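> Model the structure of this input:
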Amino acid sequence: MRPDPPKVLMGVAVALMADVAPGLSAPFAMQSLGIAAGLLGMAAEEFDRAASRLVEEDRALVVLFERAAPVVASQGLASRLREAAARLVGVDLRVSALQRDNDVLRALLLELHVAIEAQPGADARALEEAIWDELRESTRRRHFSGVR
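Take a look at the predicted model:
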């Protein structure tokens, strides 16, 4: 047997709500169980999508960094953006490794955002808008299907 984590987590969540919740009478216990079941459902969804979400986001950041490198006034930052864009991201497909890559890229995005906000010019404003677009998209990627 090969356990399928999303199915297992959702199965536990459903069992808690269908089998355990009806036997509870204390409001706090019922609320706690509902929260636990909801968290299990969210964990199941995130387990299933995490690698795909991280790879998609890393690719979007690399494209943004390629666009930003010629615009940024700081040559040191431009060099780091080029290096990040040239780096092979996602070689190790474990979620923990993908998350580490993503954390590095998002820290660089923050540095880019601070720098570009202080930089004058139409190219800087267009890049700033592209950064905001990616931040909005990044938030959308993290939405859970049952939570809006």
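
> model confidence over stretch 13-29, on average?
Taken as a whole, stretch 13-29 has a mean pLDDT of 92.

> can you list contacts of that stretch?
30, 33, 34, 36, 37, 38, 40, 41, 44 (CB atoms under 8 Å, 6 or more residues apart in numbering). Every residue, glycine included, has its C-beta placed from N, CA and C.

> Apply 7 Å and report the result again.
Contact with stretch 13-29 is made by 30, 33, 36, 37, 40, 41, as judged by CB atoms under 7 Å, 6 or more residues apart in numbering.

> chain center to the helix or strand that contains the fifth one, what's the gap?
Using DSSP states H and E, the element containing residue 40 is helix 27-68. Averaging C-alpha coordinates over helix 27-68 and over its chain gives two centres that are 7 Å apart (CA atoms, centre = their mean, to the nearest Å).

> Next SSE downstream of it?
helix 75-86.

> buried set for the helix or strand just after that following helix?
Where DSSP H and E defines the elements, the next helix or strand beyond helix 75-86 is helix 95-118. By neighbour count on 16 or more other CB atoms under 10 Å, the buried set for helix 95-118 is 98, 101, 102, 105, 108, 109, 112, 113, 115, 116.

> I figured the second one was touching residue 57, is that so?
No. Between residue 101 and residue 57 there is no contact, the gap being 9.8 Å when judged by CB atoms under 7 Å.

> and the gap between residue 106 and residue 84?
Residue 106 is 11 Å from residue 84, where distance means CB to CB, to the nearest Å.

> Just the element for the residue of the chain positioned farthest from its centre, please.
Using CA atoms, centre = their mean, the residue of the chain lying farthest from its centre is residue 25. It sits 37.9 Å away. Using DSSP H and E, residue 25 sits within no helix or strand.

> Tell me the spacing between it and residue 33.
12 Å.

> can you check residue 20 too?
Distance, residue 20 to residue 33, by CB to CB: 6 Å.

> And for residue 66?
Taking CB to CB, one finds residue 66 at 48 Å from residue 33.

> So for the two, which residue has more residues nearby?
residue 33 (17 against 14; other CB atoms under 10 Å).

> Please report the distance of the more buried one from residue 17.
7 Å.

> Over to residue 103?
Using CB to CB, residue 103 is found at 34 Å from residue 17.
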